[in-house]
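Asks: A structural model of the following input is requested.
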Amino acid sequence: MDEFAAHHALKVMRLKNNDQLILFNGDGSDYTGYVIRIIKRQVEVSIKSKKSIENESNIRVTLLQSLTSSEKMDLIIQKTTELGITEIQPIVCERSIVKIKNEKIEKKILHWRQVSIAACEQCGRAEIPIIHKPVNIIKYLDKVEESDKGTKIILSPQAAESLDSNIHKTKKDIKVLIGPEGDFTEEELDYSIQKGFLPIKIGPRILRTETAPICILSILQYKYGDIV
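Replies: Below is the predicted model:
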């Protein structure tokens, strides 16, 4: 058991020898076991059984989320994990209000992963979403293949098209690009469209950057995924 899980088991759950528990490591299964040894900050567990968890969505959604404040990013990661997100790619836009120094990136990703793990524990997921290092939006778009067969959408208050008119129900691989508080620049929006992202408007009101991913993922899961 890693240090974070051991701390939770000892300080929060207050487990003792022979106590039973359920573990997961992100491979899609739950493991039932019991504590056999506690040494300082380490917990040794004996695994008794393995159970495959079949609650992952039938659509794969990658969230391309513009960086925002720590509290908002935590909320976005927590809620989209609960809603079945597959991958999260933090994006740095020209109008992003937050920039992460290079020396703090690894620590920040570790924190985001722990937020996601806690959300998985709460909602019963056994697969942990992949969270990538932040990347500049233009550099990310430079690597996007125009031949990509998946659906790519960018949320824009100025868009005229709706979700229904652009996504076919057979498309199971979807990328969603969310802008920062100050929205995309004209260059960022135009380049995204050149790279195959369809500008979509999901309602008459302008949503906050932390509200938009929760809203669009809920809609996608309802229309094409496993929310009924």
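Asks: next structured bit after the longest helix seen in the chain?
Replies: As assigned by DSSP state H, the longest helix anywhere in the chain is helix 105-123. Using DSSP states H and E, the helix or strand that follows helix 105-123 in sequence is strand 130-131.
Asks: and that next one, which strands flank it?
Replies: Sheet pairing of strand 130-131 (DSSP bridges) gives strand 87-92 (parallel).
Asks: so for the chain, the centremost residue is which one?
Replies: Of all residues in the chain, the one closest to the mean position by Cα atoms, centre = their mean is I88, 4.2 Å from it.
Asks: just give me how far stretch 61-74 sits from the chain centre.
Replies: 8 Å (Cα atoms, centre = their mean, to the nearest Å).
Asks: mind checking the end-to-end distance for that stretch?
Replies: 18 Å (Cα to Cα, to the nearest Å).
Asks: and it, what's buried?
Replies: Residues V61, T62, L63, L64, Q65, S66, L67, T68, K72, M73, D74 are the ones in stretch 61-74 that count as buried (16 or more other Cβ atoms under 10 Å). C-betas here are computed from N, CA, C, even on glycine.
Asks: which among those gets closest to I22?
Replies: Nearest to I22 among the buried residues of stretch 61-74 is D74, at 24.5 Å by Cβ to Cβ.
Asks: residues in contact with Q158?
Replies: Applying Cβ atoms under 8 Å, 6 or more residues apart in numbering to Q158 gives the contacts P199, K201.
Asks: now the helices for the protein?
Replies: 3-7, 70-82, 105-123, 137-142, 186-194, 212-224.
Asks: let me know the average pLDDT across the longest one.
Replies: Along helix 105-123, the predicted confidence averages to a pLDDT of 94.
Asks: and that helix with strand 87-92, angle?
Replies: Helix 105-123 and strand 87-92 are oriented at 140 degrees to each other (axes from the mean of the first three to the mean of the last three Cα atoms, to 10 degrees).
Asks: could you list every helix and strand in contact with helix 105-123?
Replies: Here helix 105-123 touches helix 70-82, strand 130-131, going by 3 or more Cβ pairs under 8 Å, 6 or more residues apart in numbering; DSSP states H and E.
Asks: now the last one: how far from the chain's centre is it?
Replies: Here strand 130-131 shows a centroid-to-chain-centroid distance of 6 Å under the convention Cα atoms, centre = their mean.
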